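> okay, predicted coordinates and the sequence, questions at the end:
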Amino acid sequence: MAGPRLETCILLAGGLVPSPPAKLTHRMTLELWLTSQETVFGRWCDVLDHLSLQAGIGRPAIKVVHSGPPYEPTHALSDERFEVRTMIEPEEFRGPAGVLRDVTRKNDPDSIILVAEAARYIAGSLVHLVQDWNEFEPDILISRSPDGAPAGIMLIRCSALENVPDAGYMDIKEQWLPRCIEEGLNVRTSTTLNFMPFPLRTREQFLSASAVAVGQSCPINDSPPVLGPLRPLTRTLDKSRIAEDARVARDAVVADAVVMPGAKIGAGAIVVRSIICPGAVVPAGAVVVDDVVPAQ
C-alpha cells in the first residue's frame, strides 16, 4: 500500500494551560515513562516507524513544538530512526492552528503532514488512517473515536493552512476547521478502527494507558490493540510498571503504579495508583495513594 509521502509529523506539546501531570511532574508528558522500556515519545517513534514500513509513506521528520519554560524538555528528544527537532512555539498566543501555520510556512503547499496531540498513547496502528487518505485524497483528514470524539490526530495538506492569519490566535476545532469547510475544502473524518488514542492529561488516564502498554486488559476492549509484542515489565501479579533501574525496597508495597527510572522507594513504603517520576524518592514508611511524586 503506497500512501501519501509524509514530510513531517508535528507533535503539539504546548498549550495555554499545562496538563496536571506536567504541572506535578515538572516534565513534558513526552518524557514520562509509560513502561520500564519506553517513554511516551518512544511510543510515538514506534508508531511512526511501523507506519512508514507498512504504509509506504516515507520516513517523516518529527517536530516537537512546546510552549517553552517551565515545560520544555529536560533533555534532547532523539531517536536514531528519525530526524527530530524540538522547538518553542514561534509566537505567543497563536493557538494550535496558528502554531501549525508558523512551523509549516516553508513547506511545499502540496506536502502532507501528520499533526497530533503529543500527550497521547497510541495503542495500535495508524495504517487505516492512511488507507482512508488514499481513498478520499482530502485536504484534511480528522481521526475520531467510534463515539465521534476527536482522536487528536490529523493528516493535513499544507495548503489548507494558508487561510490561517499571520498574527493572532486561532483554534483548530472552533475556528480553523469551520473556516476550511466554509471555503469548500475537502474535510473528512476517519474512524479509529484499529488503534486507540489514549489521552494522557490526567494521572488516571496515564495509569490506564500504562496498564494497556504492559498488556493488561483494555478498559474498552478485552483484546487491546497494542502494537507489537506485549512486554511484561515485572514478575508481580499486579503488573506494576517498575523501571529496571528503580530501587524498590523488598518490603515495599507497589500496586497499579508507574515507578520511573532512577526512582527510589524506601523500606515499608506503600505506593498505590500513583506515578513516581524519574529520580523521585519515596521515604521509608511513606504512604502514597492516588498521587504524583516528582523529583526534588
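Yep, it's here.

> mind listing what's buried in the helix or strand bottoming out on mean pLDDT in the chain?
Taking mean pLDDT, DSSP states H and E as the measure, helix 20-25 is the helix or strand of the chain with the lowest mean score, a mean of 85. Judged by neighbour count (16 or more other C-beta atoms under 10 Å), helix 20-25 contains these buried residues: Pro21, Ala22, Leu24, Thr25. (C-beta placed from N, C-alpha, C; glycine too.)

> residues in contact with stretch 136-155: which ones?
When contacts are taken as C-beta atoms under 8 Å, 6 or more residues apart in numbering, the neighbours of stretch 136-155 outside the stretch itself are 4, 112-117, 120, 122, 126, 129-130, 132-133, 156-157, 159-160, 173, 177, 180, 185-192, 196-197, 199.

> quick one, which of these are buried?
4, 112-117, 120, 122, 126, 129-130, 132-133, 156-157, 160, 177, 180, 185, 187, 189-190, 192, 196-197, 199.

> returning to that earlier point: just the contacts of stretch 136-155: which are in strands?
Counting by DSSP state E, the contacts of stretch 136-155 place 112-117, 120, 122, 156-157, 187-191, 196-197, 199 in strands.

> correct me, but Leu193 touches His128?
Yes: in this structure, Leu193 is within contact of His128 by C-beta atoms under 8 Å, at 5.1 Å.

> when the two are compared, which one has more neighbours?
In terms of neighbours (other C-beta atoms under 10 Å), His128 is the more surrounded of Leu193 and His128; the figures are 17 against 14.

> could you measure the more buried one against Leu51, distance?
The gap separating His128 from Leu51 is 10 Å, by C-beta to C-beta, to the nearest Å.

> let's test this: mean pLDDT of stretch 105-117, rounded?
Confidence for stretch 105-117, expressed as mean pLDDT, is 94.

> wait, I meant stretch 34-53
Here the mean pLDDT over stretch 34-53 is 92, rounded to a whole number.

> what do you get for stretch 280-296?
Mean pLDDT, stretch 280-296: 95.

> likewise for stretch 67-80?
The model assigns stretch 67-80 a mean pLDDT of 85.

> distance from it to the middle of the chain?
In this view, stretch 67-80 has its centroid 14 Å away from the chain centroid, taken as C-alpha atoms, centre = their mean, to the nearest Å.

> buried residues, that stretch. List them.
So for stretch 67-80, counting by 16+ other C-beta under 10 Å, buried means Ser67, Tyr71, Glu72, Leu77.

> pull the longest helix from the chain.
Longest helix in the chain by number of residues (criterion: DSSP state H): helix 40-55.

> what's in contact with it?
The contact list for helix 40-55 (C-beta under 8 Å, 6+ apart) reads 1-3, 6, 9, 11, 29-32, 34, 38, 57-60, 62, 64, 77, 79, 81-82, 114, 116, 118-119, 121-122, 125-127, 130-131, 200, 213, 227-228.

> make a PyMOL selection of the buried ones in those.
The buried subset of the contacts of helix 40-55, as determined by 16+ other C-beta under 10 Å, is captured in PyMOL by this line:
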select buried, resi 3+6+9+11+29+30+31+32+34+38+57+59+60+62+64+77+82+114+116+118+119+121+122+125+126+127+130+131+200+213+227
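
> coming back round to it: now what about the least confident helix or strand of the chain, what contacts it?
Helix 20-25 is contacted from outside by 28-29, 32, 71, 119, 200-203, 206, 275, 277, 292, 294, using C-beta under 8 Å, 6+ apart.

> could you redo the last one with a cut-off of 7 Å?
Residues external to helix 20-25 that are found in contact with it (C-beta atoms under 7 Å, 6 or more residues apart in numbering): Met28, Thr29, Leu32, Tyr71, Leu200, Thr202, Arg203, Phe206, Cys277, Val292, Pro294.

> could you list which residues are in contact with the closest residue to the second one other than its chain neighbours?
In space, not counting the residues next to it along the chain, Thr29 is nearest to Ala119; the distance is 4.2 Å by C-beta to C-beta, 6 or more residues apart in numbering. Residues in contact with Ala119, defined by C-beta under 7 Å, 6+ apart, are Ser19, Thr29, Pro199, Leu200, Arg201.

> would you check which pair of these lies furthest apart?
Thr29 and Pro199 (9.9 Å; C-beta to C-beta).

> hmm, back to that, buried stuff in the longest helix of the chain?
Of the residues in helix 40-55, those buried by neighbour count under the rule 16+ other C-beta under 10 Å are 40-48, 50-52, 55.
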